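Student: Okay, here's the prediction I keep looking at, along with the sequence it came from:
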Amino acid sequence: MLYGRILSKNPGDADALYGAAMVNAQSGHLEKAEHLLAVALAQQPEFAEAWRAKGLVLQHLGRPAEAMACYDFSLMIAPEFAAARKTRELLVREIRSSSPPQISAPVAESVGQWNENGSRLAAAGRLDDALQSFEWAVSLAPGNVEALCNKATVLFEKGLSQEALAVFDHAIRIDAGCALAWNNRGNALLSLGRRDEAIASYDRALEIQPNRVEAAENRELALFMSRRNRRSPASYLRALFDEFAGHYDCAMIEGLEYRAHLHIRDLTLKHLHSGAPAILDLGCGTGLLGKALKDVVQFERLDGIDISPRMIAVAKKTGVYDGLMLGDIEKVLAQPGPGYDAILASDALNYFGDLSAVFAGASHRMNRDGVFIFSAEKFDGQTWEQTPVRRFRHSPQYVREEAARFRFEIAEIRECTLRLEQGNPVAGFAFVLKRP
């Protein structure tokens, strides 16, 4: 076959993939045709004819809602594409003619009912049924932005980001002031690796609705993924460590030979001279550092902060901590609260690039003659950088400069191995800062 010969030499030739898909579709091999079209569109996302062809294939496979999304995307790319418009109109007629008879209310009420029904189905995890319900709503009211956003969101949740993007764009053309559409459009763009466009979309959502929390969090995540953020987003950390909580100790101690907490413990013993100190454990996690301190340090009080509710729940079961605070380290330290003789952070500041807010908070909450002891991954540059595994590492020079800004003196810098990463030792430091 001609297409086969072309593809043997150039497997990514979108035109040949499209031609091969058409041959397979005409031969009744619809699943193979769908696969070939997906590959073609991955190579050439703005191939309008391929989107229409994919819609036809999906329609014959009994997946009308996904077919409609393909037609929408084809028309977004080529608004004058008459064949795509015709197939879309025919599908709309087919959907309307087969609409279940139980909803016979006026159109506006019916649209609301289909939207509500789709939302219930989506919440129950029945995404295919939810998509079909939202498609009924769109067929009854093609300009209903709520129905379009619902449809696009389900397409996104099904992993059909390109199709979802086309529907979000259509919704925005109807109502450019819909913050939800801009936010969820950003999610689709982010999943496609189009990070700068995603950030711009979140920015637009926040211009319309400045207090939209998910848009702000999504924007932070996009910046973080682009290595343009000063720290790990709070929402990212919360999700990461909630997932990790059940097997954190085993994974860290046995799998990664984690030892940062032991360096912090040893330096605490060496530098803390208060008879019965009050200690604060930043990013306490499941309590590894607290347990390491328990039998070797006599303290008046040991408190912990962590952003993960599940980590806090595990730490509470240890019985080591007198008080546990759920929240982001930067925010909790900045709030009014008790002072501490020692503020400790084992493997916690690796999730912050710019340490100024943490240093300011530690200075704010530290008692006279207190110590601030923490670990950091080693960076040979001037300041700090984000690592390929989405952590941060710092240079001693940067830590010295920040310490001076907040009137700390460096009492000791211990060069050490913090843990393993992919079987290799992670070089780092344990810093001891004192308040004169």
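Tutor: On my side now, so go ahead. Numbers count the residues shown, from 1 in each chain.
Student: neighbours around residue 315, how many?
Tutor: Close neighbours of residue 315, defined as other CB atoms under 10 Å, add up to 24. C-betas here are computed from N, CA, C, even on glycine.
Student: Wasn't it part of a strand?
Tutor: No. Counting by DSSP: H, G, I helix; E, B strand; the rest coil, one finds residue 315 to be helix, located in no strand.
Student: Look up how far residue 257 lies from the residue nearest to it when sequence neighbours are not counted.
Tutor: Closest residue in space to residue 315, ignoring its immediate chain neighbours: residue 287 at 4.1 Å, by CB to CB, 6 or more residues apart in numbering. Per CB to CB, to the nearest Å, residue 287 is found 19 Å from residue 257.
Student: which of the two has more neighbours?
Tutor: Comparing residue 287 with residue 257 by neighbour count (other CB under 10 Å), the higher total belongs to residue 287, at 28 against 14.
Student: and the more buried one, what does it touch?
Tutor: If a contact means CB atoms under 8 Å, 6 or more residues apart in numbering, then residue 287 has 304, 314, 315, 318, 320, 321 as its contacts.
Student: Drop anything exposed from these.
Tutor: Buried residues within these, counting neighbours by 16 or more other CB atoms under 10 Å: 304, 314, 315, 320, 321.
Student: mind listing what the first one touches?
Tutor: For residue 304, the residues meeting the contact criterion (CB under 8 Å, 6+ apart) are 280, 281, 284, 287, 290, 312, 315, 321, 323, 324, 325.
Student: Now tabulate these in CSV and tack on distance to residue 366 and secondary structure.
Tutor: Written out in CSV, the entries for the contacts of residue 304 read as follows (distance: CB to CB, whole Å; DSSP: H, G, I helix; E, B strand; the rest coil):
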residue, distance to residue 366, secondary structure
280, 9, strand
281, 14, strand
284, 17, coil
287, 22, coil
290, 19, helix
312, 23, helix
315, 22, helix
321, 19, coil
323, 17, strand
324, 20, strand
325, 16, strand
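Student: what number of residues lie near residue 295?
Tutor: Counted with other CB under 10 Å, residue 295 comes out at 7.
Student: and stretch 288-304, how far apart are its ends?
Tutor: Between the start and the finish of stretch 288-304 there is a gap of 11 Å, counting by CA to CA, to the nearest Å.
Student: so where's this structure shaky on pLDDT?
Tutor: Low-confidence segments of the chain, defined by pLDDT under 70: 1-3, 96-109, 274.
Student: ranges for the strands of it?
Tutor: If DSSP state E is used as the criterion, the strands of the chain fall at 278-282, 301-306, 323-326, 340-345, 366-378, 384-386, 392-394, 409-421, 424-434.
Student: Direction included, what does the fourth one pair up with?
Tutor: Looking back up the chat, that one is strand 340-345. The strands that strand 340-345 pairs with in its sheet are strand 278-282 (parallel), strand 366-378 (parallel) (by DSSP bridges).
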